[in-house]
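# Starting from these lines, generate the structure:
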Amino acid sequence: MEKLLNTGFRAIIFISAFLISISCLSQAVSSLNKKEVAKWYKSQEWLNGLKLKPHESTNDQEFERQYHANKIWWDKTFEWLKANDLDKITPGRYVIDEGNVIATDSEAPAPEIDKVKWESHKNFNDLQYIIKGKASMGVSPLSTAEVTEAYDSKKDAAFYDADGKFYIGEPGTFFIFTPKDVHRPGIKISGDNVVKKIVIKIRAIN
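Take a look at the predicted model:
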């Protein structure tokens, strides 16, 4: 009987801790209305002095939700971008916050469009920035995309057919793709062969 009571007590403690953590997470997410979010986003105070600018395609409402849920990780991301000379950074993987914020720098010829699929992620947001060269960057709402390859948890990716918009990625402006977006990034533009690009994975909330 005593063993059973102890087991029950531990279960209650575990459930209580879980509920508290959920409560804390909900409190961390901002309760701004749409107009307030738009004003906050436009202010760009969240860049913390970073000179790069977000692309016009960014979903400001969803970004605000992701940012305020995990503010410390986004702040680390922008600080890392500000602190490093991106033109000179060596291609490779950079851990900004273990398991939560990972950057990968690459420098290679951009692929043709038929080599790049529409994709989305569940566990991470993507911040993608073209450091040198130019590339085409596609984005579309997840809600209008048709799944062609089911989500693979090991790759944190699903693939789609989508009717999206394409923009020019170039130095000075970065793209943010949240789990609410499907994206088709880094596609070759005629005349721009080698592209130096940084992709930063920032852990997301669903």
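# only C-alpha atoms for contact and neighbour calcs from this point on.
Will do.
# for this structure, what spans make up the strands?
53-54, 92-97, 101-109, 118-120, 124-132, 135-141, 146-152, 157-161, 165-169, 173-177, 181-187, 194-203 (DSSP state E).
# domains for the chain, by residue range?
Split into domains by automatic domain parsing, the chain comes to 1-30, 36-203.
# With mean neighbour count added, can I get those in JSON lines?
Output for the domains of the chain, formatted as JSON lines (neighbours: other Cα atoms under 10 Å):
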{"stretch": "domain 1-30", "mean neighbour count": "12"}
{"stretch": "domain 36-203", "mean neighbour count": "17"}
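# center of the chain, which residue is that?
In the chain, the C-alpha nearest the mean C-alpha coordinate belongs to N125, at 1.8 Å (Cα atoms, centre = their mean).
# Provide the partner residues of that one in its beta bridges.
Beta-bridge pairing of N125 under DSSP bridges involves I202.
# which intervals of this structure have sub-threshold pLDDT?
Applying pLDDT under 70 to the chain flags residues 1-30.
# residues contacting the residue nearest to the centre of the chain?
N125 is in contact with I176, F177, T178, P179, K201, I202, R203, A204, counting by Cα atoms under 8 Å, 6 or more residues apart in numbering.
# V147 too?
A158, F159, Y160, D161.
# ok, so what distance separates N206 from H121?
Taking Cα to Cα, to the nearest Å as the measure, N206 falls 10 Å from H121.
# shared neighbours of the two, anything?
P179.
# Ramachandran angles for I89?
phi -70, psi 140 (degrees, to the nearest 10).
# How about it, nearest residue that isn't a chain neighbour?
D105 (7.7 Å; Cα to Cα, 6 or more residues apart in numbering).
# Format the strands of the chain as CSV; extra columns: distance to L86.
Listed next are the strands of the chain as CSV, based on distance: least, Cα to Cα, whole Å:
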stretch, distance to L86
strand 53-54, 15
strand 92-97, 12
strand 101-109, 9
strand 118-120, 26
strand 124-132, 7
strand 135-141, 17
strand 146-152, 31
strand 157-161, 27
strand 165-169, 15
strand 173-177, 13
strand 181-187, 17
strand 194-203, 8
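# so which of those strands gets nearest F63?
Across these, F63 has its closest neighbour in strand 173-177 (7.9 Å, Cα to Cα).
# so what does that closest one touch, helix or strand wise?
strand 53-54, strand 124-132 (3 or more Cα pairs under 8 Å, 6 or more residues apart in numbering; DSSP states H and E).
# would a markdown table of the ones you listed with distance to L81 be doable?
Below are these laid out as a markdown table (distance: least, Cα to Cα, whole Å):
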| stretch | distance to L81 |
| --- | --- |
| strand 53-54 | 12 |
| strand 124-132 | 10 |
